[in-house]
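A.B. asks: no FASTA, just this:
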Ligand SMILES: Nc1ncnc2c1ncn2[C@@H]1O[C@H](COP(=O)(O)OP(=O)(O)OP(=O)(O)O)[C@@H](O)[C@H]1O
Ligand SMILES: [Mg+2]
């Protein structure tokens, strides 16, 4: 199994038959199948799965599927013709009916089991059997692995019906949550943040399910009604969908010696993961312990970089459990996520998510997932003390690596170069750190719109006038009652902002002074800053009208958001700017479904 298989050289895939020729099922062909599974994939009732890496299971098609959207960008990257998205056989397959797919595609999909840790604590009670054997892809079913232009991709239906891991739920996703995930994945990709991708989205014209949700304008924290919503199937695509929780499942079984093949299954999944996600950086010839240590180092690099990127763009993964943490190091599961409007380190879009998964705590949440990942690898190094020590070292170095990533992320957002050859690099770094921490305080106290603030700063304004476009005056006025005298006086605040701006400029200038190896012009700094500080962000109050209109069969806002949000760094038209480069209107604060979500499915 390798990612470098013979492939089609021509990049045009115009029909499902063209795509079928690229099918290559590495997971089903090399990993262990659950021996208790039914052969025909009609395995939809909740049950315990004791062994094996996957359960063959057929998706349940949605009734009367209708095309909603496909990602033109991703189709283009894959070499897919746009016309395919609405062609009957493609629609049939990606709305859940794989009974007629052309060979060598297979007429059976697969779901995988995984374990759950929340912020570093192992859970089994969410599993209805209290054993952890019922937990896994409850409504995500993979239907294809294909090698396209040298890259292996797995295509997975979300909302594809019940699997043995459904824990009694319906296996469905509703149109609302599917639109959110569909738009967010492609937006994140355009922002330069590693992510699963969106392929297609189809809705049922006739099939509905009930979900708890908020009544119009509700300010309550939890949903106050049940609504009936159309079901949808979106297809997401990634090199693999292996999660930290998946490694944990096999490691826990190994630790408890649950069955004779436990260790073998753990090793197999880890080696499979390396082939799927790390083949370019981990040599196939190495021994397992050597590979494991390299894997830990590389995953740590990817994970810390991912989280720094999340913070760069204002993204919060409100439910960063180990089962929502892809070991490939990309963003996975856009359920209780959100992009912050107002900068708030404690921002958490999901009411059930808790402070541990809030915006600025994501580095710690990532560390907890990394700890669980390392714990899962340990059985593979049990008889190799030296490698175990190396793993320990990597694990304990997490916060240092994370800090370095965060420092360079903030420096990039501020147009600063941490590594410039000034006379005293240590004092330069200390000045940068002071500047960043003062900025955090100011952004919080004012408060500012995170995206607009950094975008305005990217124009390197002469005074704080342009930055004030990002100030939430209404919130500021409310805080005028605050007992802290520093916050009481708007003039005092302006003064602090002005001082901060001056300090920032001094640092910018020192970075482009004559002593620097390659001084940068202001234009160049501004241009670079605009490549890391997006102008357009997928704010929840942009998405809500899109899914509301879609529920009435109008998909035009989805298309508009696809256009705008896949060029987040570009200066777009005046109309787009007026509509999408704006502070969050006061009436949207504290509104259920907009400012916070209680569940996402
Ligand atoms: N309607 C549903 N039917 C069956 N299983 C579900 C349903 N909703 C969620 N689940 C399962 O519950 C678990 C936790 O839910 P979570 O919200 O993280 O999932 P998700 O958004 O479906 O998952 P993911 O994107 O991580 O595959 C997942 O294993 C998921 O498959
Ligand atoms: Mg999930």
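C.D. replies: Ah, there it is. Not measured: the values here are computed from a predicted model. Numbering: from 1, shown residues only. Ligands and ions are numbered 1, 2, ... in the order given.
A.B. asks: near ligand 1, which residues of the stretch 151-300 of the chain show up?
C.D. replies: Contact residues (C-beta under 6 Å from any ligand atom) of the stretch 151-300 of the chain with ligand 1: 166, 169-172. Bear in mind the C-beta positions are built from the backbone N, C-alpha and C, glycine included.
A.B. asks: just the buried residues of those.
C.D. replies: 166, 170-172 (16 or more other C-beta atoms under 10 Å).
A.B. asks: in the stretch 51-200 of the chain, what residue comes closest to ligand 1?
C.D. replies: Residue of the stretch 51-200 of the chain nearest ligand 1, by C-beta to the nearest ligand atom: residue 138 (2.4 Å).
A.B. asks: after the helix or strand bottoming out on mean pLDDT in the chain comes which helix or strand?
C.D. replies: Across the helices and strands of the chain, mean pLDDT, DSSP states H and E gives its lowest value to helix 485-488, namely a mean of 53. Note on helix 485-488: by DSSP states H and E, the next helix or strand toward the C-terminus is helix 490-511.
A.B. asks: so what are the domain limits for this protein?
C.D. replies: 16-241, 271-410, 415-532 (automatic domain parsing).
A.B. asks: so what would you say the end-to-end distance of stretch 185-205 is?
C.D. replies: 24 Å (C-alpha to C-alpha, to the nearest Å).
A.B. asks: what are the buried residues along it?
C.D. replies: Judged by neighbour count (16+ other C-beta under 10 Å), stretch 185-205 contains these buried residues: 185-191, 193-204.
A.B. asks: where among the domains of the chain is average confidence lowest?
C.D. replies: Among these, domain 415-532 carries the lowest mean pLDDT, at a mean of 85.
A.B. asks: the stretch 301-450 of the chain: helices as residue ranges?
C.D. replies: Assigned by DSSP state H, counting those that start in this stretch, the stretch 301-450 of the chain shows helices spanning 362-377, 385-396, 398-413, 425-445, 450-457.
A.B. asks: who in the chain is up against ligand 1?
C.D. replies: Residues of the chain lying near ligand 1 (C-beta under 6 Å from any ligand atom): 137-140, 166, 169-172, 324, 333, 335, 600-601.
A.B. asks: could you rerun that using 8 Å?
C.D. replies: Residues of the chain lying close to ligand 1 by C-beta under 8 Å from any ligand atom are 114, 135-140, 156, 158-159, 162-163, 165-167, 169-173, 177, 181, 209, 236, 241, 243, 319, 321, 323-324, 332-336, 599-601.
A.B. asks: show me the residues you listed that map onto helices.
C.D. replies: 177, 181 (DSSP state H).
A.B. asks: quick check on the residues of the chain next to ligand 1: which are buried?
C.D. replies: Buried among the residues of the chain next to ligand 1 (16+ other C-beta under 10 Å): 114, 135-140, 156, 158-159, 162-163, 165-167, 170-173, 177, 181, 209, 236, 241, 243, 319, 321, 323-324, 332-336, 600-601.
A.B. asks: now, which of these lie close to ligand 2?
C.D. replies: 324, 333 (C-beta under 5 Å from the ion).
A.B. asks: name the nearest residue to residue 250, sequence neighbours excluded.
C.D. replies: Leaving aside its chain neighbours, residue 250 sits nearest to residue 266 (4.0 Å; criterion: C-beta to C-beta, 6 or more residues apart in numbering).
A.B. asks: my guess is that neighbour contacts residue 247, does it?
C.D. replies: Yes. When contacts are counted by C-beta atoms under 8 Å, residue 266 is listed as touching residue 247 (7.4 Å).
A.B. asks: find the residues that touch each one of the two.
C.D. replies: Residues touching both residue 266 and residue 247 by C-beta atoms under 8 Å, 6 or more residues apart in numbering: residue 376.
A.B. asks: pull out the buried positions in the strand or helix carrying the residue nearest to residue 250.
C.D. replies: Assigned by DSSP H and E, residue 266 falls within helix 262-277. Applying a neighbour-count criterion of 16+ other C-beta under 10 Å, one finds 262-263, 265-277 buried in helix 262-277.
A.B. asks: picking up where we left off before, and the residue nearest to residue 250, what pLDDT?
C.D. replies: 98.
A.B. asks: and it, how far from ligand 1?
C.D. replies: 20 Å (C-beta to the nearest ligand atom, to the nearest Å).
A.B. asks: what does residue 340 give?
C.D. replies: Distance from residue 340 to ligand 1, by C-beta to the nearest ligand atom: 20 Å.
A.B. asks: what's around that residue, how many residues?
C.D. replies: 25 (other C-beta atoms under 10 Å).
A.B. asks: try the one 3 residues further on
C.D. replies: For residue 343, the number of neighbouring residues by other C-beta under 10 Å comes to 24.
A.B. asks: that one touches residue 448, doesn't it?
C.D. replies: Yes. With contact defined as C-beta under 8 Å, residue 343 reaches residue 448; the gap is 5.4 Å.
A.B. asks: can I assume residue 594 sits in a helix?
C.D. replies: No. Remark: residue 594 does not belong to a helix; assigned using DSSP: H, G, I helix; E, B strand; the rest coil, it is coil.
A.B. asks: now residue 25: how far from ligand 1?
C.D. replies: 20 Å.
A.B. asks: hang on, that residue packs against residue 147?
C.D. replies: No. Shown here, residue 25 and residue 147 do not form a contact pair, counting by C-beta under 8 Å, at 10.6 Å.
A.B. asks: just the element for the nearest residue to residue 176 once chain neighbours are set aside, please.
C.D. replies: The shortest distance from residue 176 to any non-neighbouring residue, by C-beta to C-beta, 6+ apart, is to residue 547 (4.4 Å). Using DSSP H and E, residue 547 falls within helix 540-551.
A.B. asks: state the mean pLDDT of the helix or strand following that helix.
C.D. replies: The first helix or strand that comes after helix 540-551 along the chain, using DSSP H and E, is helix 556-565. For helix 556-565, mean pLDDT rounds to 98.
A.B. asks: please name every helix or strand in contact with helix 556-565.
C.D. replies: Counting contacts by 3 or more C-beta pairs under 8 Å, 6 or more residues apart in numbering; DSSP states H and E, helix 556-565 packs against strand 65-70, helix 175-190, helix 540-551.
A.B. asks: by how many degrees do the second one and helix 540-551 diverge?
C.D. replies: Calculated by axes from the mean of the first three to the mean of the last three C-alpha atoms, to 10 degrees, helix 175-190 forms an angle of 130 degrees with helix 540-551.
A.B. asks: give me the distance from helix 175-190 to the chain's centre.
C.D. replies: 10 Å (C-alpha atoms, centre = their mean, to the nearest Å).
A.B. asks: that one vs helix 556-565, what angle?
C.D. replies: Using the same axes, to 10 degrees: helix 175-190 against helix 556-565 is 20 degrees.
A.B. asks: just the shortest one next, same as before
C.D. replies: Note on geometry: by the same axes, to 10 degrees, strand 65-70 and helix 556-565 are set 20 degrees apart in direction.
A.B. asks: make CSV from the domains of the chain and add distance to residue 540 to it.
C.D. replies: Putting the domains of the chain into CSV (distance: least, C-beta to C-beta, whole Å) gives the following:
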stretch, distance to residue 540
domain 16-241, 8
domain 271-410, 6
domain 415-532, 13
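A.B. asks: tell me how far the nearest residue to residue 438 once chain neighbours are set aside lies from ligand 2.
C.D. replies: Spatial nearest neighbour of residue 438, excluding adjacent residues (C-beta to C-beta, 6+ apart): residue 500 at 5.8 Å. Going from residue 500 to ligand 2 by C-beta to the ion, to the nearest Å gives 40 Å.
A.B. asks: tell me, how many residues neighbour residue 500?
C.D. replies: Neighbour tally, residue 500, other C-beta under 10 Å: 17.
A.B. asks: correct me, but it touches residue 437?
C.D. replies: No. Between residue 500 and residue 437 there is no contact under C-beta under 8 Å: 10.9 Å.
A.B. asks: run through who's touching the helix holding residue 547.
C.D. replies: So helix 540-551 is contacted by 68, 175-176, 179-180, 183, 203, 229-230, 338-339, 349, 555-558, 560-561, 580, 584-585, 588, 593-595 (C-beta under 8 Å, 6+ apart).
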